[in-house]
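**Student:** pasting the structure only:
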């Protein structure tokens, strides 16, 4: 049975392996959105301590994860967002061998349900503009492009990220 729940410290090794598999897959596709500084094991350990990492498992097998919190990059300040109480998606990942099986849909819908239950009126994220698969995924699920930002810390040609938001009806 597939379930989503808060990650525990005992999940960190599996999360790190999932991240490394996803990063390698992205690099293989010439998508340089993740590197050794973000996300990484220390990032996930901190997020687990804060209670913001959710894991999707089938039994003991880790299929996907998402970090959900209120933190927003300062680059987002110029974006014209709709919601005024957002939950933010970071590091949504599905193991490459499990992609295309609906797991990303389950993780995204669980994130939206959690946001609504906790009283948020929108959910936000950014996605590397060159990752067309991810951008299309969010658009198919009703996320609206609100603008784009430039991250100087990313490799040349990989700095533009699209900001997406899905507002909830009250």
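**Tutor:** Alright, I've got the coordinates. Every value quoted in this text rests on a predicted model; they were computed, and no experiment measured them.

**Student:** tally of neighbours for the residue nearest to residue 7 when sequence neighbours are not counted?
**Tutor:** Of all residues not flanking residue 7 in the chain, residue 53 sits nearest, at 3.8 Å (CB to CB, 6 or more residues apart in numbering). Yep, even glycine has a C-beta here, placed from its N, CA and C like the rest. Number of residues near residue 53 (other CB atoms under 10 Å) recorded here: 26.

**Student:** buried set for the lengthiest helix in the chain?
**Tutor:** Ranked by residue count, the top helix of the chain under DSSP state H comes out as helix 12-28. Neighbour-count burial for helix 12-28, counted by 16 or more other CB atoms under 10 Å, picks out 12, 14-16, 18-19, 21-23, 26.

**Student:** Same question for stretch 124-143.
**Tutor:** For stretch 124-143, by 16+ other CB under 10 Å, it's 124-131, 134-135, 137-138, 143.

**Student:** so where's the protein uncertain?
**Tutor:** Scanning the chain for pLDDT under 70 picks out the ranges 1-2, 170.

**Student:** That one: helices as residue ranges?
**Tutor:** So, for the chain - with DSSP H - the helices run 12-28, 41-50, 103-117, 132-140.

**Student:** Quick check: which of these is nearest to residue 3?
**Tutor:** helix 103-117 (9.3 Å; CB to CB).

**Student:** Could you pull up the residues touching the nearest residue in space to residue 134 that is not next to it in sequence?
**Tutor:** Once flanking residues are discounted, residue 134 sits nearest to residue 127: 4.7 Å by CB to CB, 6+ apart. Residue 127 makes contact with 134-135, 138, 161-162, 164, according to CB atoms under 8 Å, 6 or more residues apart in numbering.
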